[in-house]
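S.K.: compute the structure for the input listed below.
(one chain, ligands or ions: 3)
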Amino acid sequence: EPAVDALFVRRWLAEAAAVVDREAVHLTELDSAIGDADHGSNMQRGFRAAAQEMEQDPAATPGAVLAGIGRILISRVGGASGPLYGTLLRKAGKALGDSEEVAPEQLREALRAGVDGVAQLGGAAQGDKTMIDALAPAVEAMGFALDKGASLVDALAAARIAAEEGAAATVPMLARKGRASYLGERSIGHQDPGATSSALLLGALADVAQD
Ligand code: ADP
Ligand code: MG
Ligand code: MG
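M.R.: Numbers count the residues shown, from 1 in each chain. Ligands and ions are numbered 1, 2, ... in the order given. A predicted model of the protein is given here:
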């Protein structure tokens, strides 16, 4: 089992930045169907800046790394996703306090606090065709797995699958929040870009735990 310490979270950030780079064109394509064609570039700008800053000035605790990334995303990403992902990570970071290393259950609680923060800020519930449709089932699946005695690696693998399924499940949904909601019925039939990027971020977390 990997230790969830500052290095672990910095490795997650580096992997997240890499996967966002690889998938940026796809994320922007999804956003061109039901938004303004900038989700890939928004995510790329934010995660590149965060990865660069964490390399130059690495924070020393998992909570400080997460809160730091959150702050950078809020200041560097113009779109709706910047404040939302920024809030997710800042709240998660705050929930971890200043422990040097945290238990899987604490990570789960921190992610739950982060997702609650996103829901509060954006006002979206599950089924509204947003990042919440990937994030909420992922945190639930992680908790369910840990409650059954699963390892961190297995719990994060379950979270990743739930996020990917959650993102896929946004295709038939009618968007009720964000730019896609302006399209009304025409938002149906397209996968939500933010739910897709959320699945990528959770996939990166599962990968880092497994290495
Ligand atoms: P913008 O829409 O400002 O261009 P992005 O394209 O970067 O921002 O991000 C769009 C994504 O943000 C959407 O696909 C959706 O998942 C997410 N989103 C937008 N509004 C909300 C909201 N109110 N609550 C949760 N997520 C939202
Ligand atoms: Mg957009
Ligand atoms: Mg935009």
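S.K.: quick check: which element contains A157?
M.R.: Using DSSP states H and E, A157 sits in helix 152-168.
S.K.: what's the following helix or strand after that helix?
M.R.: Counting by DSSP H and E, what follows helix 152-168 is helix 193-210.
S.K.: how far away is G189 from A37?
M.R.: Distance, G189 to A37, using C-beta to C-beta, to the nearest Å: 17 Å. Any C-beta I mention is one placed from the backbone N, CA and C, and that applies to glycine too.
S.K.: before we move on, what about G117?
M.R.: Taking C-beta to C-beta, one finds G117 at 27 Å from A37.
S.K.: more crowded one of those two?
M.R.: G117 (21 against 15; other C-beta atoms under 10 Å).
S.K.: ok, the more buried one to ligand 2 distance?
M.R.: Noted for G117: a distance of 20 Å to ligand 2, by C-beta to the ion, to the nearest Å.
S.K.: next, that residue: secondary structure please.
M.R.: helix (DSSP: H, G, I helix; E, B strand; the rest coil).
S.K.: quick one, what contacts it?
M.R.: Counting by C-beta atoms under 8 Å, 6 or more residues apart in numbering, G117 touches 87-88, 90-91.
S.K.: helices - which of the residues you listed land there?
M.R.: 87-88, 90-91 (DSSP state H).
S.K.: next, the buried residues of the helix or strand hosting A67.
M.R.: Assessed by DSSP H and E, A67 sits inside helix 62-76. Residues 62-74, 76 are the ones in helix 62-76 that count as buried (16 or more other C-beta atoms under 10 Å).
S.K.: go on, stretch 124-137?
M.R.: Going by 16+ other C-beta under 10 Å, stretch 124-137 has these buried residues: 124, 126, 128-137.
S.K.: could I get the buried residues of helix 62-76 as TSV with pLDDT?
M.R.: Below are these laid out as TSV (pLDDT from 0 to 100):
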residue	pLDDT
P62	98
G63	98
A64	98
V65	98
L66	98
A67	97
G68	97
I69	97
G70	97
R71	97
I72	97
L73	97
I74	96
R76	93
